[in-house]
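Asker: I need the structure of the sequence given here:
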Amino acid sequence: MELSVDRLTKHYGRKIAVDCVSTVFKPGVYGLLGANGAGKTTLMRMLCAILESTSGEVLLDGREVVSMGADYRDLLGYLPQDFGYYPNYTAKEFLLYIAALKGIPRGEARKRTKELLEAVGLDEAASRKVKTFSGGMKQRVGIAQALLNHPKILILDEPTAGLDPRERVRFRNMISDYAKDRIVILSTHIVSDIEAIADEVLLMRKGKLISSGTVSELTKRAEGKVWELAVDPSEVKHWQKKAAVANLRHEGGKAVLRILSDSRPSDEAVPCEAKLEDIYLYDFKEEF
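Answerer: Numbers count the residues shown, from 1 in each chain. Now for the predicted structure:
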């Protein structure tokens, strides 16, 4: 199975939301990273064939997905950034309702609903109304509804929003296992989630796909560009104006700065091993 994106572009008037993006997705987990307004959600909506592109196309094994219609939707699972739910439905009722909309037979829908509520840790809350749920619990309902039809292509927009650390670990393990023979594409601002499970990471800026690769391939780009520097706390503001400071911690009366720089920022600076977050911040350093 291969989902290919060929020069995909979306304009809103004079604004270019997605700018001639081309890439190929095969079974595995793909993490999409970018600042707000980078075009991630627009790209995902076009991948789902729910937003018409200005130009370019999305192909599944050589077939244009818009022309596939219901055949493509049957293969697709989608969690939008703000998914709608019926507040007076219980979690179980809501999933059964979505299953009916997806044409899943009643017996299979009941079995799948039970499996997924257990998988996302909501089996004991199955009979509670969704309006009583916390934000993280609602998000888990959203993840479950995206998985109802055993989708071959799973697209998740900010799936870990509102999840606590334990729930994020549960989510990562579930998605890693699920993606063995399926395509999973997810966006998140929590870089550690992508670093933990993504087979490939794609970086978007201002509608363009600026780089992609495995975590190790991308972090190699930052070798020799990540430094730690211990300074007097009174110097912190000076360094924040002078350099891209990715992190700050206080230790032994000193402020220890993690600095992104093409060259050693100071004779006292010590080189550090790069992480995915460093690559993300390095590529977007002019924005923070």
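
Asker: for the helix or strand where Glu93 lies, name the packing helices and strands.
Answerer: In this structure, Glu93 is located in helix 91-101 according to DSSP states H and E. On a contact count with 3 or more C-beta pairs under 8 Å, 6 or more residues apart in numbering; DSSP states H and E, helix 91-101 meets helix 106-119, helix 135-147. Any C-beta I mention is one placed from the backbone N, CA and C, and that applies to glycine too.

Asker: for the longest one, C-alpha coordinates in PDB please.
Answerer: Coordinates of each C-alpha in helix 106-119 appear next as PDB, following Å, rounded to 0.1, in the frame of the first residue of the first chain:
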ATOM      1  CA  ARG A 106     -24.400  -4.000  14.500                       C
ATOM      2  CA  GLY A 107     -22.800  -7.100  16.000                       C
ATOM      3  CA  GLU A 108     -19.300  -6.200  14.800                       C
ATOM      4  CA  ALA A 109     -19.900  -2.600  16.000                       C
ATOM      5  CA  ARG A 110     -20.800  -3.700  19.600                       C
ATOM      6  CA  LYS A 111     -17.700  -6.000  19.700                       C
ATOM      7  CA  ARG A 112     -15.400  -3.300  18.300                       C
ATOM      8  CA  THR A 113     -16.800  -0.600  20.600                       C
ATOM      9  CA  LYS A 114     -16.100  -2.800  23.600                       C
ATOM     10  CA  GLU A 115     -12.500  -3.500  22.400                       C
ATOM     11  CA  LEU A 116     -11.700   0.200  21.700                       C
ATOM     12  CA  LEU A 117     -13.200   1.500  25.000                       C
ATOM     13  CA  GLU A 118     -10.900  -1.000  26.800                       C
ATOM     14  CA  ALA A 119      -7.900   0.000  24.600                       C
END
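
Asker: report all helices and strands that that helix contacts.
Answerer: Going by 3+ C-beta pairs under 8 Å, 6+ apart, helix 106-119 lies up against helix 91-101, helix 135-147.

Asker: name the surrounding residues that touch the first one.
Answerer: The one in question is helix 91-101. For helix 91-101, the surrounding residues in contact (C-beta atoms under 8 Å, 6 or more residues apart in numbering) are 85-86, 89, 106, 108-110, 112-113, 116-117, 122, 125-128, 130, 133, 141, 144-145, 148-149.

Asker: this protein: strands as residue ranges?
Answerer: 3-12, 15-25, 28-33, 55-60, 63-64, 76-79, 153-157, 183-187, 200-205, 208-213, 226-231, 244-251, 254-260, 270-271 (DSSP state E).

Asker: pairing partners for the fifth one, with directions?
Answerer: Strand pairing for strand 63-64, determined by DSSP bridges: strand 55-60 (antiparallel).

Asker: picking that back up, quick check: mean pLDDT across the helix holding Glu93?
Answerer: For helix 91-101, mean pLDDT is 95.

Asker: quick one: end-to-end distance for stretch 179-191.
Answerer: 19 Å (C-alpha to C-alpha, to the nearest Å).

Asker: re earlier: got the strands of the chain as CSV, with mean pLDDT, distance to Lys40 and mean neighbour count columns?
Answerer: Formatted as CSV, the strands of the chain follow (pLDDT from 0 to 100; distance: least, C-beta to C-beta, whole Å; neighbours: other C-beta atoms under 10 Å):
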stretch, mean pLDDT, distance to Lys40, mean neighbour count
strand 3-12, 95, 12, 17
strand 15-25, 95, 9, 17
strand 28-33, 94, 5, 23
strand 55-60, 96, 15, 17
strand 63-64, 94, 22, 12
strand 76-79, 95, 13, 22
strand 153-157, 96, 7, 24
strand 183-187, 95, 5, 25
strand 200-205, 93, 6, 22
strand 208-213, 91, 10, 16
strand 226-231, 93, 25, 19
strand 244-251, 90, 21, 14
strand 254-260, 93, 22, 19
strand 270-271, 93, 32, 12
